[in-house]
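Undergrad: only geometry, no sequence info:
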């Protein structure tokens, strides 16, 4: 092999991930990758003593654009100014490697088009599932299959909270506070616990698994906030656990078929691949027509795992492989629906009195929904009784209409909580 | 993108996998991959009516070599004539995609060198773990990490047998017969149950994870034949299950460090990634300095999953990516050892009488091995009593010496069975 000069690398955004990337580049791959620039606001506060003196520190992205940098690693996050910076880098014929899920989820097609026009690359392995190389696995490793379903646990914060609630019967608030104390959740946890982070990642997975875009804002995202410790107890009676599940599924085998897409808490069987994911880990399970289900699991966040994904993309660019999609740059956007047909778990919290089950059964019956079972843990207070009805298969929209009607009944102390039961 | 002509593909070996590859090529990817030749012995018996009339059927590999085939898919297995055929194909400037683990385990370096000299590719994703894209994941997806350990369940036959023995307390022979009846085990199960199949795959994983060769014949391979249903029962008392574990581990951080390598039945914790693998599935768990443990699981064998790996390699070649290693073509072969330091489980089968534990404790003590616990299930016959001693950490070689001495004691009805306890 001819020995090429190493690629010159700029890191834009020197936070946890940026520093982890720099540490790997100091320790490894020097023959192929050379860190030359670090760009950040208030750069004086960011300087470290463990990088070579040859590294240029700057607050001005223009300095990076004007330099002989080959690849810009974008780790500033968010859309502004990240989108502008990435466009300017590509326009200046610099490849880009990014961990920015919002940017890729929303602007994949034009960015890939720009990269191709300029003859450079854009790598985004780090934008989904951190250190798990799932972008490459779905686009290349399973390229020979015809994938029709992708399920995953794409948010480690939610998974940490749910597995802690389950292990110690903690209330949501306590598990969240613990996650925040341990650095697994941010001070404002909205993006994580309400599913907004996961749905951006799911939109990227639609690209790499199906080759088409979907609008991330159109993906149903439901919060884990209404989950209570009692739900995890009832789930276990049903031989299930509750996970924040992200799922994509083609409605049929047509390439352009509508895609079922949602991020929501759901019951999954104990022992299943999703149930086995503990703590802040992530998993992606891809199911194809030929290869069945293949799973990829590991650390979905954190400085070092995310940095591994960034450096793997850098090495792919250095090695001349082509991380950008060949056939996925289309502007086509698939229609999506969140109206899954599934069995359901519905937890009611009521002031107990005779006739409640009869009222509920009548209402469900009116909507053509069959009751599978009624569960009530012994020893719960009659004055504030959480009990569960499981329902046979029905669509989420029909169930929503039934629950809308049921909500008007006078015995509720809390809004009913409905979760799909996935197999 | 310029639209290139599809690659012309020859399938050599039209068995289960070859037919599955052909079925995928008929159904998908026609714009990039075109099946033109099928080569097999007694070709008249192999002809099918569902392939295009343009496909040439031949018994002579020379016909393939003389044709305008771009890629030869080698699925005949074994070393002879597969090695010669692959060399001749590469020599004729045809890329090769192979599922042949023995060929790749033994001849990786010269084959890659020949491919590079001729300017063609060699893809071998299908040679390890069937449909799980682990070759690509370790070489490219985790390229940015510094991997130091790879553990896996690489043989679905062993895993099927062990999980069936555990679920229904079956004897080994019954579980094997069931696996054979279901097509998960061959009439002669030696390669599978004695670990020879797995160690070839492990040698390939050493290449892709560490970038160096190891001699597959030098890897310790122990059979699962001595495992009895009682061992799975005792393992469960220890909160563990028994799996046929394949493991590679660098002795230290040096690139050229000796590698610990073994294929052997071992106790792994319930709930661990290896323990969660059921039936004939496979898993590979790769651990790196930066990214921690990342796991890849799915169908490790079978026509369709293996065919997915073959077709993914074909698409990578069609797309101009580079499946062959850039830096792993070296002739360097790492020294390996099977002398793992671990806690151990030792099951003795004796005619019970007073003093047995004392004799064993004395012998272990003489070799500096500490006893952790003694386990004896109630209700077992005293005339043929299986009981277990767990040992604190010691090396396999020290334990072997101690057991050699212990074997001379007169109370054994069967040879003791020692298994490492992995965490």
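TA: Thanks, I have it. None of the values given here were measured: they were computed from a predicted structure.
Undergrad: where along chain A do the helices fall?
TA: A:16-27, A:43-46, A:61-66, A:82-91, A:101-118, A:134-136, A:156-168, A:172-181, A:190-193, A:196-210, A:229-237, A:303-318, A:356-366, A:396-406 (DSSP state H).
Undergrad: just so I know, which of those helices lies nearest chain B?
TA: Nearest to chain B among these is helix A:303-318 (2.8 Å), distances taken as C-beta to the nearest C-beta. The C-beta positions use only the backbone N, C-alpha and C, and glycine is treated the same way.
Undergrad: The closest one and chain B in contact?
TA: Yes. Contact of helix A:303-318 with chain B is found when judged by C-beta under 8 Å from any C-beta of the partner chain, involving A:304-305, A:307-316.
Undergrad: Compute the inter-axis angle for that helix and helix A:16-27.
TA: 60 degrees (axes from the mean of the first three to the mean of the last three C-alpha atoms, to 10 degrees).
Undergrad: any chance of the residues of helix A:303-318 next to chain B in CSV, plus pLDDT and neighbour count?
TA: Converted to CSV, those look like this (pLDDT from 0 to 100; neighbours: other C-beta atoms under 10 Å in any protein chain shown):
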residue, pLDDT, neighbour count
A:304, 95, 22
A:305, 95, 26
A:307, 97, 30
A:308, 97, 34
A:309, 97, 32
A:310, 97, 31
A:311, 97, 29
A:312, 96, 28
A:313, 95, 32
A:314, 96, 28
A:315, 94, 21
A:316, 92, 23
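Undergrad: thinking again about what came up before, highest mean neighbour count out of the helices of chain A?
TA: Greatest average neighbour count among those goes to helix A:134-136 (a mean of 30), per mean count of other C-beta atoms under 10 Å in any protein chain shown.
Undergrad: What parts of the stretch 201-350 of chain A come near chain B?
TA: A:271, A:273, A:276, A:278, A:288, A:290-299, A:304-305, A:307-316, A:319-322, A:326-327.
Undergrad: outside of stretch A:410-423, which residues touch it?
TA: A:151, A:226-228, A:231, A:238, A:240, A:242, A:245, A:247, A:264-269, A:274, A:340, A:342-351, A:353, A:356, A:359, A:384, A:390, A:396, A:399-400, A:403, A:406-407 (C-beta atoms under 8 Å, 6 or more residues apart in numbering or on different chains).
Undergrad: Inside strands: which ones of the residues you listed?
TA: Using DSSP state E, the members of the contacts of stretch A:410-423 that fall in strands are A:151, A:240, A:242, A:245, A:247, A:264-269, A:342-350, A:390.
Undergrad: If any of the residues you listed are buried, put those into a ChimeraX selection.
TA: Here is the ChimeraX selection string for the buried members of the ones in strands among the contacts of stretch A:410-423, based on 16 or more other C-beta atoms under 10 Å in any protein chain shown:
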select /A:151,240,242,245,247,264,265,266,267,268,342,343,344,345,346,347,348,349,350,390
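Undergrad: Helix or strand with the lowest mean pLDDT in chain A?
TA: strand A:336-337 (a mean of 91; mean pLDDT, DSSP states H and E).
Undergrad: Given that one, what are its sheet partners and their directions?
TA: strand A:259-269 (parallel) (DSSP bridges).
Undergrad: How far away from the center of its chain is the strand it pairs with?
TA: 12 Å (C-alpha atoms, centre = their mean, to the nearest Å).
Undergrad: quick one: average confidence on it?
TA: The average pLDDT within strand A:259-269 is 97.
Undergrad: now the angle between helix A:229-237 and it, please.
TA: 80 degrees.
Undergrad: how near is residue A:261 to residue B:188?
TA: Counting by C-beta to C-beta, to the nearest Å, the gap from residue A:261 to residue B:188 is 48 Å.
Undergrad: more crowded one of those two?
TA: residue A:261 (28 against 9; other C-beta atoms under 10 Å in any protein chain shown).
Undergrad: wait, doesn't residue A:219 sit right on residue A:203?
TA: Yes. When contacts are counted by C-beta atoms under 8 Å, residue A:219 is listed as touching residue A:203 (6.6 Å).
Undergrad: Spit out the contact partners of the closest residue to residue A:267 other than its chain neighbours.
TA: What sits nearest to residue A:267 in space, not counting adjacent residues and going by C-beta to C-beta, 6 or more residues apart in numbering or on different chains, is residue A:240, at 4.1 Å. Contact analysis of residue A:240 by C-beta under 8 Å, 6+ apart lists A:267-270, A:275, A:421.
Undergrad: Provide a list of residues in contact with the closest residue to residue A:191 other than its chain neighbours.
TA: What sits nearest to residue A:191 in space, not counting adjacent residues and going by C-beta to C-beta, 6+ apart, is residue A:197, at 4.6 Å. If you count contacts by C-beta under 8 Å, 6+ apart, residue A:197 has them with A:101, A:154-155, A:157, A:191.
Undergrad: confidence score at the nearest residue to residue A:279 once chain neighbours are set aside?
TA: Counting by C-beta to C-beta, 6+ apart, residue A:160 is the residue found nearest to residue A:279 once chain neighbours are left out, at 5.4 Å. pLDDT recorded at residue A:160 is 96.
Undergrad: One more: residue A:322?
TA: 61.
Undergrad: now do the one 3 residues further on
TA: With respect to pLDDT, residue A:325 scores 54.
Undergrad: Ok, residue A:167 next?
TA: 95.
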